[in-house]
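[1] return a 3D structure for these sequence lines:
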Amino acid sequence: MITPDLRAQLSNGAQIYARGAKAGALPEDHLPVSDWADRYRLLSRRSSPEPGPWRTSRTPFLRQIMDDLSPFSRCQTVVLMKGVQLGATESGNNWVGYNIHMAPAPMMVVQPTMEMARRNAKQRIGPLIEDSPLLRNLVANTYQNRNATTMLSKEFPGGILVMVGANSAKSLRSMSARYLFLDEVDGYPGDVDGEGEPCSLAIARTTNFSRRKIYIASTPVRSGTSRIERFYEASTQGQYYVPCPHCAKHQVLEFERLRWPKGQPEKARYVCEHCFGLIQNNHKETMLARGEWRWREPDRGVHGYHLSSLYSPVGWLTWEQIALKYEEAGDDPELLQAFTNTILGLPWADAAEAPDADRLYERRELYPIGKVPEGGLLLTAGVDVQMRRLECEIVAWGRNRQSWSVDYRVWDGDTAQPEIWQNVAKLLDEDIESAYGTPMRIKKLAVDSGFNTMPVYNFVGHMQSSRVMAVKGSLRASSIIGAASPIEVGPQGARLKCGIRLWPVNTNIAKEELYRRLRLRVPDPGQPWPAGYCHFPQYSREYFEQLTAEQLVQRPGKQPAWEKRRSRNEALDARIYARAAAASIRMDHWPESRWAEIEEGLGKPRVQEPISAAKPKSEVRLAAVPQFKPMPAREDFLE
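    Model prediction:
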């Protein structure tokens, strides 16, 4: 039976598609995206520091990028590798608004995760439509047609806009699209639900459209694994040339030519590569307006662009602020990576992929195994599961992302049987001696569930403790640890007596971080330890061989992957799981007040010898080596 409400909905839907058919029959106006934005786009106070009409003149380097996205441009794919504070995301949103108005068709916007897709829909796309009367009238009203418009789906005459997360294979294959906006692709997971690489899955949804358009934009992350780097290298590789205000010769803005006296970033000036004249930040307004794109590979079909934050318009990110950020980074490799990615718009490349095990062995320190040294304020542990043994590393964490390996335990036995797991349960109740005089306990323990999965699930479930977590390697996580999933059924279909939560660990990210920290140098006497420095006691060489047992390998035509250089790598896995346990409690985001509170609870450290790097073996007397606590079952990590 057709009710009045249903009749009204059908009539409304028919009108929408009738208007779409009529609009689709008309020839497309040759109005480029940049001109459309100048004419129709309004920036919201909710999403822009400069609310009001859009002005391409503020970011003239975006004009060519947006015009390549116009329907009459022959270019099908546009790539932008960029820094921050450049208006790049808004250029993509201009394209979204243009398509709704001028060239309606199915359109998909992909963010790294579903959560980010919702945030983008609320903070960016929502204001884009609501603050523009033109677009607001075209998009179906939520209350008139609830099936047509939701937070992540906007229907309009002739087309539909769908916003999805790259971590959902179901969303990526939910529809075909003529227009595809892949935003922040370096934040996408490596594999989606076992169905493949997310960019490839999304691009495959556009193949039925002969006049498709694909916009790929991102800040790069890691060289060799960066998607935006690969897309850019396969493109025309455009660079924006701007004229010097003194000699009028064009050049690409490069960070190496930004100069200032050390400690005085407010005096930052850019040195022209032609006349060596000093260029001030306020000269950028004229320089950007007279700039032009030039191509390294002009014959390629994919148009690629690179922009560093040195091009950020006057009133946004200044050269003084860029110089200050560089000085603040200092020698900290993690801060330098963030600077390289977000300011220079370039992928970060390490000097080498695998640290030197011999160097790590030589720089061991003289603090006792089994005792938390001064500086260590929080304990986590990681358990690697083998068929006939469990291996566990206990790690102390402190300020400035430093870590200390406290102990390494090995328990021999059949890991499919419950008896061996009693050792792990006892470890959680163990009081571990510390330099502060107050015993410490493990705050979080992560157990690998990739091998002998059901015994791990049963152990974690029966513990019923928030201090124990089951983890599993997964390249889908966008950070070291992802969101937990409830597990009630085991891998063979058996129902668990006690349900648990399984935490995905991106081992690629964790290994890259660890190896970057292991390459840090021992500071000169009197100098502070570098941020992220890893301290180790007098373990044997075998431990360090296992810790550096893998390297990142690039195979032709394949994604870079971590591969073993030797058969034994348990120490590396245990350390990665201990790091995941720390990440699960958001230790990296703790303010200084949190660390001070923990330290106050432990009390003042007892008087002891200052911790220093170990002397070369030839200079260490046996009498100077303390008595170490032996490990159960195996002692090959001790000398």
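
[2] where's the residue nearest the centre of the chain relative to Tyr232, distance?
    The residue lying closest to the centre of the chain (Cα atoms, centre = their mean) is Gly187, at 4.9 Å. Per Cβ to Cβ, to the nearest Å, Gly187 is found 16 Å from Tyr232. Quick note: C-beta positions are derived from backbone N, CA and C, even for glycine.

[3] which residues sit in contact with the nearest residue to the residue nearest to the centre of the chain once chain neighbours are set aside?
    Distances taken as Cβ to Cβ, 6 or more residues apart in numbering put Pro112 closest to Gly187, at 3.6 Å, once the chain neighbours are dropped. Going by Cβ atoms under 8 Å, 6 or more residues apart in numbering, Pro112 touches 165-167, 184, 187-189, 478.

[4] redo those residues as JSON lines? Include pLDDT, secondary structure and distance to Lys443.
    Converted to JSON lines, those look like this (pLDDT from 0 to 100; DSSP: H, G, I helix; E, B strand; the rest coil; distance: Cβ to Cβ, whole Å):
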{"residue": "Gly165", "pLDDT": "92", "secondary structure": "strand", "distance to Lys443": "31"}
{"residue": "Ala166", "pLDDT": "92", "secondary structure": "coil", "distance to Lys443": "32"}
{"residue": "Asn167", "pLDDT": "87", "secondary structure": "coil", "distance to Lys443": "28"}
{"residue": "Glu184", "pLDDT": "95", "secondary structure": "coil", "distance to Lys443": "32"}
{"residue": "Gly187", "pLDDT": "91", "secondary structure": "helix", "distance to Lys443": "28"}
{"residue": "Tyr188", "pLDDT": "90", "secondary structure": "coil", "distance to Lys443": "31"}
{"residue": "Pro189", "pLDDT": "85", "secondary structure": "coil", "distance to Lys443": "28"}
{"residue": "Ser478", "pLDDT": "70", "secondary structure": "coil", "distance to Lys443": "24"}
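
[5] tell me the pLDDT of the residue nearest to Gly187.
    For Pro112, the pLDDT comes out at 92.

[6] ok, now Glu542?
    Note on Glu542: pLDDT of 94.

[7] does Glu391 sit in a helix, a strand or a coil?
    Judged by DSSP: H, G, I helix; E, B strand; the rest coil, the three-state class of Glu391 is strand.

[8] and for it, the neighbour number?
    24 (other Cβ atoms under 10 Å).

[9] picking that back up, return the closest of the contacts of Pro112 with respect to Met469.
    If you rank those by distance to Met469 using Cβ to Cβ, Ser478 comes first, at 18.6 Å.

[10] helix, strand, or coil at Phe231?
    Phe231 - assigned by three-state DSSP - is helix.

[11] show me the contacts for it.
    Here Phe231 is in contact with 79, 81, 185, 216, 302, 304 (criterion: Cβ under 8 Å, 6+ apart).

[12] with secondary structure and distance to Asn120 added, can I get these in JSON lines?
    Formatted as JSON lines, the contacts of Phe231 follow (DSSP: H, G, I helix; E, B strand; the rest coil; distance: Cβ to Cβ, whole Å):
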{"residue": "Val79", "secondary structure": "strand", "distance to Asn120": "20"}
{"residue": "Met81", "secondary structure": "strand", "distance to Asn120": "20"}
{"residue": "Val185", "secondary structure": "helix", "distance to Asn120": "14"}
{"residue": "Ile216", "secondary structure": "strand", "distance to Asn120": "16"}
{"residue": "Val302", "secondary structure": "coil", "distance to Asn120": "24"}
{"residue": "Gly304", "secondary structure": "strand", "distance to Asn120": "23"}
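
[13] PyMOL command to pick out the buried ones of the residues you listed?
    Burial among the contacts of Phe231 is assessed by 16 or more other Cβ atoms under 10 Å; the matching PyMOL selection reads:
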select buried, resi 79+81+185+216+302+304
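
[14] returning to what we had before: residue contacts, the residue nearest to the centre of the chain?
    112-113, 116, 166, 218, 221, 478.

[15] in strands only, show me the residues you listed.
    Here DSSP state E is the test, and the contacts of Gly187 give Ser218 as lying in strands.

[16] could the contacts of Gly187 go into a markdown table alongside distance to Gly450?
    Output for the contacts of Gly187, formatted as a markdown table (distance: Cβ to Cβ, whole Å):
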| residue | distance to Gly450 |
| --- | --- |
| Pro112 | 24 |
| Thr113 | 23 |
| Met116 | 28 |
| Ala166 | 24 |
| Ser218 | 30 |
| Val221 | 25 |
| Ser478 | 20 |
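
[17] can you pick the most crowded of the contacts of Gly187?
    That'd be Ala166 among these, by other Cβ under 10 Å, with 29 neighbours.

[18] and that residue, how far from Thr89?
    Counting by Cβ to Cβ, the gap from Ala166 to Thr89 is 16 Å.

[19] not counting sequence-adjacent ones, nearest residue to Asp332?
    Ala531 (4.5 Å).

[20] and that neighbour, how close does it get to Ala329?
    Applying Cβ to Cβ, the value for Ala531 to Ala329 is 10 Å.

[21] now Glu563
    For Glu563, the distance to Ala329 (Cβ to Cβ) stands at 31 Å.

[22] name the nearest residue to Arg227, ignoring sequence neighbours.
    Leaving aside its chain neighbours, Arg227 sits nearest to Val185 (4.4 Å; criterion: Cβ to Cβ, 6+ apart).

[23] ok, now which ones touch the one you found?
    Val185 makes contacts with 166, 199, 216-218, 227-228, 231, as judged by Cβ under 8 Å, 6+ apart.

[24] cutoff 10 Å now
    79, 81, 110-112, 166, 198-199, 202, 216-221, 226-228, 230-231 (Cβ atoms under 10 Å, 6 or more residues apart in numbering).

[25] what's the answer for Tyr326, then?
    Tyr326 sits next to 255, 258, 260, 265, 268, 335-336, 339-340, 343-344 when contact means Cβ under 10 Å, 6+ apart.

[26] over to Thr438?
    Thr438 neighbours (Cβ under 10 Å, 6+ apart): 372, 431, 601-605.

[27] any idea how far it lies from Lys604?
    Counting by Cβ to Cβ, the gap from Thr438 to Lys604 is 10 Å.

[28] just say helix, strand or coil for Ala470.
    Quick answer, by three-state DSSP: Ala470 is strand.

[29] surely it meets Asp448?
    Yes - in this structure, Ala470 is within contact of Asp448 by Cβ atoms under 10 Å, at 8.2 Å.

[30] shared neighbours of the two, anything?
    Each of Val456 lies in contact with both Ala470 and Asp448 under the rule Cβ under 10 Å, 6+ apart.
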